[in-house]
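Student: The following block contains a protein sequence and its predicted model.
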Amino acid sequence: MQRICVYPGSFDPVTNGHVDIISRAAMIFPEVVVAILINPAKAGKFTVEKRMELIRRACAHLPNVRVEHFDGLLVDYMHKTGASVVVRGLRAVSDFENEFQMAQVNHQMAPDVETLFMMTSPECAYLSSSVVREIARFGGDISAFVPACILEDVQAALKEKQD
Ligand code: PNS
């Protein structure tokens with residue numbers, strides 16, 4: 001019986017789509033670890049510390065969720081954490097190929113690690129961190145895309161100075 005699941009990702013920044021998956025995973029698993037990849041090849045718009053802080057705030061109502069970061073291979077992190085279930089969200093068919101490949105590769109490297117896919121809720125199907133970054137960059141309204149408690153921070157960090 002698995003107690004812990006890991007929800008890995010970039011979360012640059014966390015969106016309502018992520019919180020949808022985290023909340024639903026938190027109803028199934030006693031413990032959910034949201035794990036942010038530190039990717040030296042991709043700096044990202046937010047620092048890892050800021051991403052962690054935003055996720056913690058967005059998930060403050062979920063007592064069985066904790067936020068961590070990792071580098072290197074996800075399967076190594078899974079073994080270190082003692083967790084063997086990876087949760088990933090699927091938005092559209094276009095996600096499938098990449099997710100399928102990742103799950104297969106991870107399974108090849110670590111047969112004890114299982115990947116579970118969750119379909120995102122329809123209202124989040126089009127959402128991604130990059131869409132949020134793009135809209136906010138030009139001063140567009142992202143209030144439907146990120147949790148209200150982090151909206152101001154995300155908007156301020158992403159808006160390009162236009163003077
Ligand atoms: O939010 P993202 O960017 O879609 O998340 C991708 C992530 C972090 C889950 C994936 O890139 C990952 O697990 N990277 C760690 C390196 C690794 O284990 N690679 C092997 C699988 S191809």
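Tutor: Done, it's in. Residues are numbered from 1 along each chain as shown.
Student: who's in contact with the longest helix seen in the chain?
Tutor: Counting by DSSP state H, the longest helix found in the chain is helix 93-109. Applying Cβ atoms under 8 Å, 6 or more residues apart in numbering, the contact partners of helix 93-109 are 73-75, 86, 88-90, 113-115, 117. Yep, even glycine has a C-beta here, placed from its N, CA and C like the rest.
Student: average pLDDT across that helix?
Tutor: For helix 93-109, mean pLDDT rounds to 95.
Student: Dump it to PDB, keeping only the CA atoms.
Tutor: Extracted in PDB, the C-alpha atoms of helix 93-109 (Å, rounded to 0.1, in the frame of the first residue of the first chain):
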ATOM      1  CA  VAL A  93      -3.600  14.200 -26.600                       C
ATOM      2  CA  SER A  94      -0.500  16.400 -27.300                       C
ATOM      3  CA  ASP A  95       0.800  15.700 -23.800                       C
ATOM      4  CA  PHE A  96       0.600  12.000 -24.300                       C
ATOM      5  CA  GLU A  97       3.600  11.200 -26.400                       C
ATOM      6  CA  ASN A  98       6.100  13.000 -24.100                       C
ATOM      7  CA  GLU A  99       4.500  11.700 -20.900                       C
ATOM      8  CA  PHE A 100       4.300   8.200 -22.300                       C
ATOM      9  CA  GLN A 101       8.000   8.300 -23.200                       C
ATOM     10  CA  MET A 102       9.000   9.700 -19.700                       C
ATOM     11  CA  ALA A 103       6.900   7.000 -18.000                       C
ATOM     12  CA  GLN A 104       8.500   4.200 -20.100                       C
ATOM     13  CA  VAL A 105      12.000   5.500 -19.600                       C
ATOM     14  CA  ASN A 106      11.400   5.800 -15.800                       C
ATOM     15  CA  HIS A 107       9.900   2.300 -15.700                       C
ATOM     16  CA  GLN A 108      12.900   0.900 -17.600                       C
ATOM     17  CA  MET A 109      15.300   2.500 -15.200                       C
END
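Student: so where's the chain shaky on pLDDT?
Tutor: 1, 161-163 (pLDDT under 70).
Student: Please list the residues of it that sit near the ligand.
Tutor: 8-10, 37, 73-74, 102, 105-106 (Cβ under 6 Å from any ligand atom).
Student: Just the buried ones among those residues, please.
Tutor: With neighbours counted by 16 or more other Cβ atoms under 10 Å, the residues of the chain next to the ligand contain buried members at 8-10, 37, 74, 106.
Student: Just those: which are in helices?
Tutor: 74, 106.
Student: so which of the buried ones among the residues of the chain next to the ligand would you say is closest to Phe29?
Tutor: Phe29 lies nearest to Pro8 out of those, by Cβ to Cβ, at 14.2 Å.
Student: Good, wrapping up.
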